[in-house]
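Trainee: Any chance you can model this:
(one chain, ligands or ions: 1)
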Amino acid sequence: MIIPADRPRTASPIELTLRPEQRSRLRPLADRPEGSLAIHEIYRSIQGESLYAGLPCVFVRLTACHLRCVYCDTPHAFNQGEFRAREEIMAGVLALGDHLVEITGGEPLLQPEVFGLMEQLADHGRKVLLETAGSIDLTPVDARVHIIMDVKTPGSGEVASNSDANLDRLKPTDELKYVICDRADFDWSVAHVRSHGLVERLSVVFSPAFGQVNPTDLAAWILETRLPLRLQLQLHKQLWDPNRRGV
Ligand code: SF4
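Mentor: Residues are numbered from 1 along each chain as shown. The predicted structure is shown next:
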């Protein structure tokens, strides 16, 4: 099912200060039945990013995003999906059987029901990873959830969406991810890391924008800094066709 992009917006999914064009991007979430979430896909794969890379994982990809990063590799999640009751999602995820479950999108925190879903998954003994763009308040996220938060670089086109307040809400076990689009992005990111004292507080990952930055160059740049930055390549894009969905 495709959720129509021109569906009239009748409900506010979450309190956010949005520009008009961003508000229109939330239309796929309007008219959600109570207790349901707009889900793009649920599938098993190998975790391709994060400190958990390489492990089998169930991915729950939620529909819609208020941002438009230039390198986004999941634009199909902007509008496509179907409304599913939380209990149905829970049953589907548990049936797939893996210990690791990643909640991703789109931007999963646009749908408030996701906080209860993550809590319920943790109650069932699952290790829950949350991948978020970082602009929505992380306060309601269950403390058992491992948060992977983006810091948007100038090259992403969405640097204005960053929330410094969210940096202070992260736990020492969480991680920050910078997608590096070019050398200027790298220099901006290193300055951001240093000015906020981030490597002293948690894991910081630098990932080359796929097809834009040579990973070997990024490795050399990281070594120059003498900072404990973690180079991350997208494992799933090496294992499968980079354009393939559901992996
Ligand atoms: S925040 Fe994520 S899903 Fe949204 S546009 Fe950026 S890369 Fe795509």
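Trainee: tell me which residues of the lengthiest strand in the chain are tucked away?
Mentor: Among the segments of the chain that qualify as a strand by DSSP state E, the longest is strand 36-46. For strand 36-46, a neighbour-count test (16 or more other Cβ atoms under 10 Å) marks 36-42, 45 as buried. No exception for glycine: its C-beta is placed from N, CA and C like everyone else's.
Trainee: Looking at those, which one is closest to the ligand?
Mentor: His40 (10.3 Å; Cβ to the nearest ligand atom).
Trainee: any idea how far Phe83 is from that closest one?
Mentor: Going from His40 to Phe83 by Cβ to Cβ, to the nearest Å gives 11 Å.
Trainee: Heading C-terminal from the top helix by length along the chain, find the next helix or strand.
Mentor: When the chain is scanned for its longest helix (criterion: DSSP state H), the result is helix 183-195. Downstream of helix 183-195, the next assigned helix or strand under DSSP states H and E is strand 203-208.
Trainee: Around Thr173, how many other residues sit close by?
Mentor: Burial of Thr173 is recorded as 11 neighbouring residues (other Cβ atoms under 10 Å).
Trainee: returning to what we had before: neighbouring strands for the longest strand of the chain, and are they parallel or not?
Mentor: With DSSP bridges as the test, strand 36-46 is paired with strand 56-62 (antiparallel), strand 82-85 (antiparallel).
Trainee: Quick one, which of the ones you listed gets closest to the ligand.
Mentor: Shortest separation from the ligand across these is recorded for strand 56-62, at 9.3 Å, computed as Cβ to the nearest ligand atom.
Trainee: chain center to the closest one: distance?
Mentor: Averaging C-alpha coordinates over strand 56-62 and over its chain gives two centres that are 11 Å apart (Cα atoms, centre = their mean, to the nearest Å).
Trainee: so where's this structure uncertain?
Mentor: In the predicted model, the chain carries pLDDT under 70 at residues 1-15.
Trainee: And the strands in it?
Mentor: Assigned by DSSP E, the strands in the chain fall at 36-46, 56-62, 82-85, 100-104, 127-132, 146-151, 175-180, 203-208, 230-231.
Trainee: angle of the longest strand of the chain against strand 100-104?
Mentor: When axes from the mean of the first three to the mean of the last three Cα atoms, to 10 degrees is applied, the directions of strand 36-46 and strand 100-104 differ by 130 degrees.
Trainee: Quick one: distance of strand 36-46 to the chain centre.
Mentor: With Cα atoms, centre = their mean as the basis, the distance from the averaged C-alpha position of strand 36-46 to the chain average is 13 Å.
Trainee: What would that strand look like as PDB? C-alpha coordinates only.
Mentor: Coordinates of the C-alpha atoms in strand 36-46 are reproduced here as PDB (Å, rounded to 0.1, in the frame of the first residue of the first chain):
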ATOM      1  CA  SER A  36      -0.700   1.900  15.200                       C
ATOM      2  CA  LEU A  37       2.500   2.900  13.400                       C
ATOM      3  CA  ALA A  38       3.200   3.500   9.800                       C
ATOM      4  CA  ILE A  39       5.600   0.800   8.800                       C
ATOM      5  CA  HIS A  40       7.600   0.700   5.600                       C
ATOM      6  CA  GLU A  41       9.100  -2.800   6.100                       C
ATOM      7  CA  ILE A  42      10.200  -5.400   8.600                       C
ATOM      8  CA  TYR A  43      12.900  -7.800   7.600                       C
ATOM      9  CA  ARG A  44      16.000  -9.800   8.800                       C
ATOM     10  CA  SER A  45      19.500  -9.000   7.600                       C
ATOM     11  CA  ILE A  46      23.000  -8.500   8.800                       C
END
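Trainee: Thank you kindly, that will do.
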